[in-house]
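> Structural data only, the sequence is not supplied:
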Ligand SMILES: Nc1ncnc2c1ncn2[C@@H]1O[C@H](COP(=O)(O)OP(=O)(O)OP(=O)(O)O)[C@@H](O)[C@H]1O
Ligand SMILES: [Mg+2]
């Protein structure tokens, strides 16, 4: 006789805590590793988009168009479909399609274009006069990027990475459900399929706590940096 | 020395070709404050931006201290830019940096070592009167203070030239005067060439030695500030000069004159114009001493200081039973080289 009533959600004696701990670690690991790669990749893509807008040169225009198209296409593919689409590529790159490692390519490819757009928007929000003033002072392109663009848009970049991290946590759960491990996997396999509602609830609560933690850290960081 | 030679600039805008600057020839001597005045869209910013290569002329050449800016590229242009400071209407400070760090920014660009940067920046903080505020962020400063930071920043690489694009247009009158005094002070102290762009004649009068009047991309008049104020040639120049000397009270004077004409039908209303040292002589009392049967009634007057001396106008009413004394007074004033203009009735 399987217990499926409301009370079943609170039978925490049914929770296998050590494996819940491992699943939590897998989720955090997938999120953190992919967010680091996404931050770098998204920053570069966003910078490329920003630097190539409003150019008259044909080659630069073409480059902008290609990057823009790439970003828009990968941003609009639903994540669950992207995973499936990337399975063969994942097999080649990571050597497996199971486990936390296997989730990384799809996580990164879906989040990087999203973050790239946020980066581009953040750069466009910088007062044009400030960039021009730097140019007038004799700054090189690299100096403008690292001494002006980056620090002046830092609050927006950080809050963008927070938003991206949170949607990445959601993606890890989805990836988990189809074999990538982590809390999504636990909630689906050990919770739902094993009729163990307490496990599902616990996994949910832990995910919510992780999301809140990311949000808090992000908000705190933005507050510290923003001197406007 | 700065030289514009047959400089024209056209933009291809959506509305068609915009002729922003037309055939400008200009020589700006070292160590002077040179003003360019014009209405919005006259092409002032376009002209000043050619001096640091933010804009390049379509035809003609722009030369700064012997090097042709309009022909420089890459590193050469950047090195030249280090020697030209610029301040802006909206200050354009980095909000993520403190006052001190903002002033250090051009020094970082020039790759000056950290210790030296800090020392230099501290000196400039003092020069612009912001001691004690060096660790504040721009968001914590008033507009006038922000512009002081802008000025200090523009001076940090010891430029030969300082460009000012409407640097006081976002400030209130009192703060404007403070910032202008600072610019004047810096020009004197550092013997720096300053190019000032403005739409306010007040700025020109207060600090400039020379002025050029720009109308739809063309320089229609130029010369020493006092000459242009004394003797404006073009209609647009007259409008600019009036904007300053009448300071909006022309209407009041006319009503006062009409009322006085009505009140004292027998008197003579005269407008006196002084320039240079006459404005500081006791002309009125001197005149009254000469003609003791003349009464003098001051209706309105103003005196403005320019870099080359004072400029003033005075409306007076001369009353006397003796017509000859009035005529005598007028010719006496003329011998003192005061311009007189009798305001006729009716
Ligand atoms: N990048 C550009 N593209 C097209 N047109 C331009 C560009 N820059 C300036 N113009 C045009 O050139 C003319 C002169 O502009 P400029 O900015 O030099 O005027 P200004 O005298 O500085 O005006 P303001 O007092 O409003 O700053 C204007 O008609 C403007 O529309
Ligand atoms: Mg302008």
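Happy to help now that I have it. Quick caveat, the model's predicted, so the values are computed rather than measured. Numbers count the residues shown, from 1 in each chain, chains lettered A, B, ... in the order given. Ligands and ions are numbered 1, 2, ... in the order given.

> what sits against residue B:122?
B:100, B:134 (Cβ atoms under 8 Å, 6 or more residues apart in numbering or on different chains). Yep, even glycine has a C-beta here, placed from its N, CA and C like the rest.

> did I read that right, it in a helix?
Yes - going by DSSP: H, G, I helix; E, B strand; the rest coil, the assignment for residue B:122 places it inside a helix.

> so how far is chain A from it?
As judged by Cβ to the nearest Cβ, to the nearest Å, residue B:122 and chain A stand 19 Å apart.

> Chain B against ligand 1: which residues are in contact?
Residues of chain B lying close to ligand 1 by Cβ under 6 Å from any ligand atom are B:11, B:13, B:18, B:20, B:38, B:40-46, B:199.

> Double-check that residue B:300 belongs to a strand.
Yes - counting by three-state DSSP, residue B:300 is located in a strand.

> isn't it right next to residue B:317, touching?
No - contact criterion Cβ atoms under 8 Å: residue B:300 and residue B:317 do not qualify, at 10.7 Å.

> For the stretch 151-300 of chain B, which residues are neighbours of chain A?
When proximity is defined by Cβ under 8 Å from any Cβ of the partner chain, the stretch 151-300 of chain B lies next to chain A at residue B:157.

> can you tell me the residue of the stretch 151-300 of chain B closest to ligand 1?
Among the residues of the stretch 151-300 of chain B, residue B:199 lies closest to ligand 1, at 5.5 Å counting by Cβ to the nearest ligand atom.

> Excluding covalently adjacent residues, which one is nearest to that residue?
Excluding the flanking residues, the one nearest residue B:199 by Cβ to Cβ, 6 or more residues apart in numbering or on different chains is residue B:39, at 6.0 Å.

> how close does that neighbour get to residue B:15?
Relative to residue B:15, residue B:39 is positioned 19 Å away (Cβ to Cβ, to the nearest Å).

> the more surrounded of the two?
Set residue B:39 next to residue B:15 and count neighbours by other Cβ atoms under 10 Å in any protein chain shown: residue B:39 wins out with 13 against 7.

> mean confidence score for the top helix by length along chain A?
Ranked by residue count under DSSP state H, the longest helix found in chain A is helix A:17-52. Averaging pLDDT along helix A:17-52 yields 92.

> Who are the packing partners of it?
Contacts of helix A:17-52 with other secondary structure elements, assessed using 3 or more Cβ pairs under 8 Å, 6 or more residues apart in numbering or on different chains; DSSP states H and E, are made with helix A:58-76, helix A:100-124, helix A:150-175, helix A:182-185, helix A:197-225.

> Let me see the contact set for residue 149.
Defaulting to chain A. The neighbours of residue A:149, taking Cβ under 8 Å, 6+ apart as the test, are A:47, A:50, A:123, A:126, A:131.

> That was the other one, I meant chain B.
Residue B:149 is in contact with B:91, B:93, B:99, B:102, B:103, B:128, B:130, B:138, B:141, counting by Cβ under 8 Å, 6+ apart.

> wait, which of these is closest to ligand 1?
Proximity of the contacts of residue B:149 to ligand 1 (Cβ to the nearest ligand atom) peaks at residue B:91, which lies at 15.3 Å.

> next structured bit after the helix of greatest length in chain B?
What stands out as the longest helix in chain B, according to DSSP H, is helix B:173-190. If you walk from helix B:173-190 toward the C-terminus, the next helix or strand you reach (DSSP states H and E) is strand B:193-198.

> Check which helices and strands the helix or strand following that next one is in contact with.
Taking DSSP H and E as the definition, the helix or strand that follows strand B:193-198 towards the C-terminus is helix B:201-207. Other elements packing on helix B:201-207 under the criterion 3+ Cβ pairs under 8 Å, 6+ apart are strand B:33-38, helix B:173-190, strand B:193-198, helix B:225-230, helix B:235-245, strand B:295-306.

> Any idea how far the fourth one is from the middle of the chain?
Think helix B:225-230. 12 Å (Cα atoms, centre = their mean, to the nearest Å).

> Over to the second one?
Computed by Cα atoms, centre = their mean, the separation of helix B:173-190 from the middle of its chain amounts to 11 Å.

> Might you list the low-confidence residue ranges for the chain?
Answering for chain A, as no chain was given. A:1-4 (pLDDT under 70).

> Let me rephrase: I mean chain B.
Low-confidence segments of chain B (pLDDT under 70): B:245-257, B:260, B:263-266, B:276-280, B:345-346.

> Would you mind saying which of the helices and strands packed on helix A:17-52 lies nearest chain B?
The closest of the helices and strands packed on helix A:17-52 to chain B is helix A:150-175. By Cβ to the nearest Cβ, the value is 4.3 Å.
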